[in-house]
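> One predicted model, sequence on top.
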Amino acid sequence: MKEKRFVIKGMHCASCVAKIENKLKSIKGVEDATVNLMTEKAAVKYNKLTDDKKIEAAVRSLGYEVLAEETDNKKDISDTKKRLVAGAVLSAIIFVGSFPEIFNIQLLNNSILLFVLATPVQFWVGLPFYRGLVHSLRNKTADMNTLIAVGTSAAYLYSSFVAFFPQATAAGGMYFDTAAVIITLILLGRYMEAISKGKASEAVKKLIGLKPKAATVIRKGREMRVPAEQIEIGDIVVIKPGEKIPTDGIVVDGHSTVDESMITGESIPVEKNKNDTVIGATINKNGVLRIKATKIGKDTVLSQIINLVEGALSSKAPIQRMADKIASYFVPAVIIIALASSLLWAFLGTTLLTGTALSAFVTITPLVFGLTIFIAVIIIACPCALGLATPTAIMVGMGKASEHGILIKNAEALETARRTTTVVFDKTGTLTKGLPEVTDIVTINGDEKDVLKLAAIAEKGSEHPLAEAIVKEAKNRKIQVPKASHFQSVTGKGVVATYNRKKIVLGNRAMMKEVKIRASDIEKSMSELEDQGKTVMIVVYDRKILGMIAVADTPKEHATEAVERLHKMGKEVVMLTGDNERTAKAIANHLNIDSVIAGVLPHEKSGKIKSLQKKGKVVAMVGDGINDAPALAQADLGIAIGSGTDVALETGSVVLIKNDVRDVITAIDLSAYTVKKIKQNLFWAFAYNTALIPIAAGALFPSTGLLLNPMIAGGAMALSSVSVVSNSLLMKRYKAKIR
């Protein structure tokens, strides 16, 4: 199975999207196809039964352009602008000439001249609509182009007949101005929409713009500047202060601080020393760094982020699928309503538009009145706003997420996050730091420094994680740790070392029994520490107990705040861990977590998630390790910590780059905010269409004399698309609540 994104030009509404999707899905070998109006891309999953050429040919057969790679839309905007300017100038002249009673310009009071001026507006300015109409007819479908072309053509053709055969009509009213102004207004809407699309897709453009252009590498013993894409794995790259790091790598020499905000969203620069990893596109702040390139091209973190964001923007949320389905039935329904209402009015015998704005200018026969109704209904119902409502909000929402160091892999995840009722956290490496550290030093004989120093001397030769924690604590306190003259490790119990010809014993109760040291006097203190989930080691020097050292995997800096805020949002918080129940409950009590599922083997974690789901809970799983991958996949929403394993990152549908559990709150909050904007957009798009179609059809005319002018309908329809995009762009003001 292969997945590829195709760039498609020429789409303008939800009907275009539905038409292309249906065509692609009908191709043998295509498993799934998702088309996004805002990004102008189709994401297609297909097997060896088809290929790129067949897919491109299918799209072109519908009248759309398929490009090998993404290009900017400057050319399209420029072409639309030329047509718009010409349409605006000619429409203004036609409008003035159509109302001699008001403007009284004798030169323009000529029906043939109005025909000459209206013809280029109809067929050159409006050419994009006719192209769409032709392809729609070929494929036996209908879309926005169909509505505009049919509606304006009806007005233009009738007016042309009146211009050349005035004696054949009961009234001499012409609608050149209506057709011309509608085409110009809708083109104005498309022009503004194209500009708005560019603004809405800034997230991906910014990410692509982060890529460094050149790098300094050491080859054959000397420094040389090369294009960044020519860096090879294993190259030693020199990064001077203020320069962008050109690729992912490991520091082999130097010390500096690096600004990683453009990737992680974290504003505080991070210190980098030998053996630390660095990310391409981040900025070296002060010292000179030499790094060894470990990832290049598409494998770098930045390239993967760009790929994830583009993939997410090409995906489709469930709420958008509903809108697209409605749109596919909407256009044919509108044409039927327009025809039925116009025929009804044509045969009803209405003679005057009494009480309407048009009545002062023209006397209209039932046939012309029916035509007016037809045009108004067709134009007011164009579903462009409907097609833009969801993708614009999703695009901006995902852009804001990436700015905060949150990668959302698909639109469905963005919509699901807000519905989460239960957030399940893995313990080690997610809620806790994943590395043990010294939490308590209890003195019995001597002071803290002596207890810690002797413990560090004993553990200096060990590679056990608990030993590393003790030695690290001694270094942090600037305690000199000499080497022991003898070292022996006793598995599962502790260590014995010799210092200054005296024995140091460091270990648990079993170790004390083995060396025959009585520890009953300190049993109460040990138990209290162990009840807190800590591992306690007794320090003995020259057969005298000096004190105890407690070591534990401690909670991350912001874990307590994250749990507290999730509670305020009404979410249940659960800890899922393979650790023993006593240790797990100690951490859970400290963080005020609702419930604990402890002693769970890796392959059992997904089953525990499934059990929660069977109780009707919408579950988000937050984890970082390989053993979390099945649970991340089973959960309604899998959230992977960015510092975790590649397997976890691949499985999670949301990735927290910064390794900050508070970003779970931001992801859920941003999801709710985005869906709120989608619903606002859809409401106005649907409300606008459904409310104004009856008015356009003349439903209020018999009782109130109210009728919708087709020109006003055209302007309102064009502005509705812009209002939907603008409402989505307001999301750029979103700020995370956890900062």
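Looks like it came in fine.

> Output the below-cut-off pLDDT ranges for the stretch 151-300 of the chain.
In the prediction, the stretch 151-300 of the chain carries residues with pLDDT under 70 at positions 167-173, 189, 192-209, 261-268.

> ditto for the stretch 451-600 of the chain
Within the stretch 451-600 of the chain, no range satisfies pLDDT under 70.

> can you rerun that using 80?
Along the stretch 451-600 of the chain, the model assigns pLDDT under 80 to residues 461-465, 491-492, 533, 578-583, 599.

> Tell me which stretches of it form helices.
For the stretch 451-600 of the chain, the helices defined by DSSP state H, counting those that start in this stretch cover 465-476, 509-514, 523-530, 559-568, 581-591.

> Domain boundaries for this protein, per the record?
Annotated domains of the chain cover 232-295, 406-431+557-665, 433-555 [automatic domain parsing].

> and the end-to-end length of the first one?
Just to be clear, that refers to domain 232-295. This stretch, domain 232-295, spans 8 Å end to end (Cα to Cα, to the nearest Å).

> Return the distance of it from the chain's centre.
On the basis of Cα atoms, centre = their mean, to the nearest Å, domain 232-295 sits 27 Å off its chain's mean C-alpha point.

> related to what we said a few turns ago, indicate which one of the helices of the stretch 451-600 of the chain is closest to residue 653.
Nearest to residue 653 among the helices of the stretch 451-600 of the chain is helix 559-568 (18.5 Å), distances taken as Cβ to Cβ. Yep, even glycine has a C-beta here, placed from its N, CA and C like the rest.

> the inter-axis angle of that closest one versus helix 581-591?
For helix 559-568 against helix 581-591, the angle by axes from the mean of the first three to the mean of the last three Cα atoms, to 10 degrees is 70 degrees.

> other SSEs contacting helix 559-568?
Here helix 559-568 touches strand 572-576, helix 581-591, helix 663-696, going by 3 or more Cβ pairs under 8 Å, 6 or more residues apart in numbering; DSSP states H and E.

> Tell me which of the ones you listed is the most buried.
For these, average neighbour numbers computed from mean count of other Cβ atoms under 10 Å are highest in strand 572-576, which has a mean of 22.

> how distant is that one from the center of its chain?
Distance, centroid of strand 572-576 to centroid of chain: 26 Å (Cα atoms, centre = their mean).

> Now the helices and strands packed on helix 559-568 in CSV, please, with extra columns for distance to residue 57.
Putting these into CSV (distance: least, Cβ to Cβ, whole Å) gives the following:
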stretch, distance to residue 57
strand 572-576, 50
helix 581-591, 58
helix 663-696, 32
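
> closest to residue 53 out of the ones you listed?
helix 663-696 (35.6 Å).

> In the very next helix or strand once past the closest one, which of the residues would be classed as buried?
Following helix 663-696 in sequence order, the next helix or strand is helix 701-704 (DSSP states H and E). Going by neighbour count (16 or more other Cβ atoms under 10 Å), the buried part of helix 701-704 is residue 701.

> got the CA positions of helix 701-704 in CSV?
C-alpha atoms of helix 701-704 as CSV (Å, rounded to 0.1, in the frame of the first residue of the first chain):
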residue,chain,number,x,y,z
PHE,A,701,-43.3,38.4,-1.5
PRO,A,702,-47.1,37.8,-1.3
SER,A,703,-47.3,39.1,2.3
THR,A,704,-44.5,41.6,2.5
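
> chain center to that helix: distance?
That offset, for helix 701-704, works out to 48 Å (Cα atoms, centre = their mean).

> next one: stretch 579-588
35 Å.

> got the CA positions of that stretch in PDB?
Extracted C-alpha coordinates of stretch 579-588, given in PDB (Å, rounded to 0.1, in the frame of the first residue of the first chain):
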ATOM      1  CA  ASP A 579       5.500  -0.900  38.600                       C
ATOM      2  CA  ASN A 580       4.400  -2.300  42.000                       C
ATOM      3  CA  GLU A 581       1.300  -1.000  43.600                       C
ATOM      4  CA  ARG A 582       2.900   0.600  46.600                       C
ATOM      5  CA  THR A 583       5.300   2.700  44.500                       C
ATOM      6  CA  ALA A 584       2.600   3.600  42.000                       C
ATOM      7  CA  LYS A 585       0.100   4.600  44.700                       C
ATOM      8  CA  ALA A 586       2.800   6.800  46.400                       C
ATOM      9  CA  ILE A 587       3.300   8.700  43.200                       C
ATOM     10  CA  ALA A 588      -0.500   8.800  42.500                       C
END
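
> List of residues touching it?
427-428, 431-432, 530-534, 552-553, 555, 575, 577, 593, 595-596, 598-599 (Cβ atoms under 8 Å, 6 or more residues apart in numbering).

> and if you look at stretch 124-133?
In contact with stretch 124-133 (Cβ under 8 Å, 6+ apart) are residues 10, 12, 63, 83-84, 86-87, 90, 123, 143-146, 148-150, 152, 183-184, 186-187, 190.

> May I see the buried residues of it?
125, 126, 128, 129, 130, 132, 133.

> now, which of those lie within strands?
Assigned to strands by DSSP state E, none of these qualify.

> Show the model's pLDDT score for the residue nearest to residue 642 when sequence neighbours are not counted.
Nearest residue to residue 642 in three dimensions, chain neighbours excluded: residue 657, at 4.0 Å (Cβ to Cβ, 6 or more residues apart in numbering). Per-residue confidence (pLDDT) for residue 657: 81.

> Residue 657 and residue 555: what is the separation?
To residue 555, residue 657 is 20 Å away according to Cβ to Cβ, to the nearest Å.

> who's more crowded, the two?
The neighbour count for residue 657 versus residue 555, taken as other Cβ atoms under 10 Å, is higher for residue 657 (24 against 18).

> Residue 403 is in contact with the more buried one, correct?
No. Applying Cβ atoms under 8 Å, one finds residue 657 not in contact with residue 403, separated by 11.0 Å.

> closest to residue 301 out of the helices and strands packed on helix 559-568?
Residue 301 lies closest, by Cβ to Cβ, to one member of these: helix 663-696, at 16.6 Å.
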